[in-house]
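# Build me a model from this:
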Amino acid sequence: MPFFSVIIPLYNKENFIEATLKSVISQTFTDFEIIIVDDGSTDNSEKIITKFSDYRIRYFKKCNEGASSARNYGIEKIRSNYISFLDADDYWYPNFLDEMFKNINRFKNIKVFSAAIEVETSKSTYPATYAIKKTGDFEIVNYFKASAKETVICTSCAVFNKTVFQKVGFFDNQKKSGQDTDMWIRIGLCYEILFSWKILARYIYDENSLSKNKNLLNTKGDFTKFKEDEKTNPDLKKFLDLNRFSLAIKCKIAGNKTLYKTHYNNIDLKNLGTKKRILLLLPSFILKTLISFKKILTDTGFGSSVFK
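Here you go, the predicted structure:
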C-alpha cells in the first residue's frame, strides 16, 4: 500500500499536464500512487499521459462532470491513508511529499497539512501572502483566521488523512463553482491545519479570474448551509464576509445588481476594513479601472489581497 495517493483531475490540459506529472514523478519521496482522472478531455491530454510508463500511474477516463466529480472519483480509488490533490496545470517542487511525510510523522494528531505556494503569472512569479504571524517553520492554524488573505488550503498544496473525507463528506457535485471553498469551510469547522512556511508548490494564476465566468456568479458563494454555524463562529463569519465582499465586487462589475445586494446585505461591515467598505460603494466603471490596475500589480508581484 502506498503512503500517499496523488489525485490529478484532468480536463483539456495538454499544454500543462506533462510538466505537472513530471513534478510528481520527480518527488524525492517515492512511496506514492498517481490517480489521474480524465474528466472527458477532448484534446491530446491522454496521448501525453500514455508516454509515461511509471508503474505508479493509474489512469481513469470518465464522462465530463466537472472537477468535483473527478476528485471524488479519485478519492474512491485511493489505496493509501493520505490523499493529496494536484491540479493539472500546477506543479510541486521535488520535496513536497517528503516535507509532508516528515510533518505527518512529527504531528500525529493533525489530519490536514498544507504548505506555502508561489503564484506564477504571465509576467512574474512571487510568493503568496498569508494572514499568519510567522513564529517558526510551521504553524498550527485556524483555517478561517489564517485564510483572511490567501487560503492556506488549496487543491495543489495540501495533504489530508482519508478520515477527513469520511467525516466532512466529498466535494459537492452540485456546485458548478466554489466547490473547493465549500470543502475547505467544512474542513475548517472540524480540523486545525498544520501550515508549513516552506514554498512547496506553484500555482498558475488566471489573470482573468475576476471578470470571467459571469454565468457562474449565481452558483458561487452560496453559503446558506453555514448559516447556523456563522451565528456562533465569529472566525467563520468574518471569513464568509470577506468572500461575500469579493463576490459582491464581481457582481457589480458584471452588472448583476440583485446578486450584489444579496451579498452586500449579508455582510457585517465591521468585518471589513475601510478600503473594502469604500470599494463596495464605488460605481462599476471605477471598479473596472481598479481591477485593471490590480492585474498590473499582480503581474509584477505585488499581490491582490485588496479584492479578496
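
# Tell me where the protein has helices.
Using DSSP state H, the helices of the chain run over residues 17-25, 45-50, 67-77, 96-106, 143-146, 163-168, 179-188, 227-232, 234-254, 257-265, 274-281, 284-299.

# Report the residue spans of this protein with pLDDT below the cut-off.
206-221, 294-308 (pLDDT under 70).

# Report the central residue of it.
Cys154 (2.9 Å; CA atoms, centre = their mean).

# mind listing what that residue touches?
Ser114, Ile117, Asp180, Tyr203 (CB atoms under 8 Å, 6 or more residues apart in numbering). Backbone N, C-alpha and C define where each C-beta goes, glycine included.

# Of all the helices of the chain, which one is nearest Ala88?
helix 17-25 (5.0 Å; CB to CB).

# what's that closest one in contact with?
6, 8, 10, 13, 32, 34, 36, 45, 48-49, 51-52, 54, 56-57, 86-94.

# still on that earlier bit, the contacts of Cys154 into a markdown table, with extra columns for neighbour count?
Rendered in a markdown table, the data for these read as follows (neighbours: other CB atoms under 10 Å):
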| residue | neighbour count |
| --- | --- |
| Ser114 | 26 |
| Ile117 | 23 |
| Asp180 | 20 |
| Tyr203 | 20 |
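
# Go through the residues you listed and name the one nearest Thr232.
The nearest member of the contacts of Cys154 to Thr232, counting by CB to CB, is Asp180 at 24.3 Å.

# The nearest residue to that closest one once chain neighbours are set aside and Met1, how far apart?
Spatially, and ignoring its direct neighbours in sequence, Asp180 is nearest to Thr155 (5.5 Å; CB to CB, 6 or more residues apart in numbering). Shown here: Thr155 relative to Met1, a distance of 24 Å by CB to CB, to the nearest Å.

# Which one of the two is surrounded by more residues?
Shown here are Thr155 and Met1; by other CB atoms under 10 Å, Thr155 has more neighbours (21 against 9).

# For Lys123, grab the count of nearby residues.
Quick note: Lys123 (other CB under 10 Å) scores 12 neighbours.

# I should have written Glu192 there, sorry.
For Glu192, using other CB under 10 Å, the count is 18.

# from memory it sits against Phe113, does it?
No - Glu192 is beyond contact range of Phe113, at 10.6 Å (criterion: CB atoms under 8 Å).

# Lys237 is in contact with Asn271, isn't it?
Yes - if you go by CB under 8 Å, Lys237 and Asn271 touch, sitting 6.8 Å apart.
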